[in-house]
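J.: need a structure here:
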Amino acid sequence: MIGLGVGELIILLLVVFVGVPALLVVLGALLPRYLERSGAVLRAHPGRSALLGLLNMVVLLGLAWLLSLTRWPPLEYLGVFLFGFVLPASLVLGLLVTAHLVGETVWGQLAKRPINLLAALLLGTVLLALVLLVPIVGWLLVPVLILIGLGAALAALVPGRRPSSGAAGS
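T.: Predicted structure coming up:
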């Protein structure tokens, strides 16, 4: 029988509800301007962010898989590096942007006033973790939201481009 014992379940819950929020709060404290810029990109262009995140994930997974299949060790190592480091880092970056935007949006709707960046991250992370506890819907929704956040995070890396909130050419 495959299942989690009480000890494993407690460790999993600690990682999800303590470790991940702590990691995201630290990253948010280190990258506040980038996080704000990513959030602005996501608000201005959610469809473009979704497409960019999905495209990035498909290319990254495909490239890592192809490189790991080669018989030349340097390329194999590059594939393992992509799969073992770049992929998880990309997912954390997408989660960072998504959690911030979810926390900021939910707080704005409930309290009708702005929230601190780190508090928004913490709130958004806990809310996303709670959504993950909902079978099927949470398991499908949160990864999609992370991919959308990843696309916004990647778009925010392009220097000199600011998301436009008004009509083009005005």
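J.: Now do Leu4 against Leu13, distance only.
T.: Distance of Leu4 to Leu13, computed by Cβ to Cβ, to the nearest Å: 10 Å. Quick note: C-beta positions are derived from backbone N, CA and C, even for glycine.
J.: try Gly28
T.: Distance, Gly28 to Leu13, using Cβ to Cβ: 22 Å.
J.: Neighbour count: these two, which is higher?
T.: More crowded of Gly28 and Leu13, by other Cβ atoms under 10 Å: Gly28, with 25 against 13.
J.: May I ask which helix or strand encompasses the spatially closest residue to that one that is not a sequence neighbour?
T.: Distances taken as Cβ to Cβ, 6 or more residues apart in numbering put Leu121 closest to Gly28, at 4.5 Å, once the chain neighbours are dropped. Using DSSP states H and E, Leu121 sits within helix 117-132.
J.: What is that helix packed up against?
T.: Applying 3 or more Cβ pairs under 8 Å, 6 or more residues apart in numbering; DSSP states H and E, we find helix 117-132 packed against helix 20-30, helix 32-44, helix 87-111, helix 137-155.
J.: Throw these into TSV and include distance to Val126, thanks.
T.: Formatted as TSV, these follow (distance: least, Cβ to Cβ, whole Å):
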stretch	distance to Val126
helix 20-30	6
helix 32-44	17
helix 87-111	8
helix 137-155	13
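J.: for those helices, which one sits closest to Ala50?
T.: helix 137-155 (4.5 Å; Cβ to Cβ).
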